[in-house]
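Visitor: predicted model, plus sequence, below.
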Amino acid sequence: MPVQGSIEVNDLYCKGCELCVQACPKHVIGIAMDYLTPRGYHPARLVADGCTGCEICAIVCPDAAITVYRRARARRNGR
Ligand code: SF4
Ligand code: SF4
C-alpha cells in the first residue's frame, strides 16, 4: 500500500546543519531562512510534497531533532 510521510523538526534540538537536507532522497527538506530557533539557528523544514517516510533524515540527524510520521495514502474510488 502506498505510504505518505511527513516530518516534524524539534526547534529546541535542530542546529541547521543541513545534513538532513542533503540526505533526503526526495529533496523535500529545506532550511527556513526566515525563522530562528530559540538557540539562534535557521531550522530544517519540510518544504515540498513527496515525503515517503523513509526515516533517512531522522537517522542522519546528529541531534535527534526529527520525528517521522507515516500513514497509508488514501485511495480514490473513482467517483
Ligand atoms: S540534520 Fe538535524 S540538526 Fe541538522 S538541520 Fe536537519 S534536523 Fe536540524
Ligand atoms: S522521511 Fe525520507 S523522504 Fe521524508 S523528509 Fe525524511 S528523508 Fe525525506
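Guide: Looks like it arrived, so ask away. Numbering: from 1, shown residues only. Ligands and ions are numbered 1, 2, ... in the order given.
Visitor: for the nearest residue to residue 11 once chain neighbours are set aside, give me its contacts.
Guide: Leaving out its chain neighbours, the residue that sits closest to residue 11 by C-beta to C-beta, 6 or more residues apart in numbering is residue 37, at 4.1 Å. Heads up, the C-betas are built off the backbone N, CA and C, glycines and all. Residue 37 is in contact with 11, 12, 14, 16, 43, counting by C-beta atoms under 8 Å, 6 or more residues apart in numbering.
Visitor: can you check the pLDDT for residue 37?
Guide: Turning to residue 37, the model gives it a pLDDT of 98.
Visitor: how about the helices of this structure, start to end?
Guide: 19-23, 56-60 (DSSP state H).
Visitor: what residues does this protein have near ligand 2?
Guide: 5, 7, 24, 26, 28-29, 51-57, 68 (C-beta under 6 Å from any ligand atom).
Visitor: adding mean neighbour count and mean pLDDT, write the helices of the chain out as a markdown table.
Guide: A markdown table is the format used below for the helices of the chain (neighbours: other C-beta atoms under 10 Å; pLDDT from 0 to 100):
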| stretch | mean neighbour count | mean pLDDT |
| --- | --- | --- |
| helix 19-23 | 17 | 98 |
| helix 56-60 | 17 | 98 |
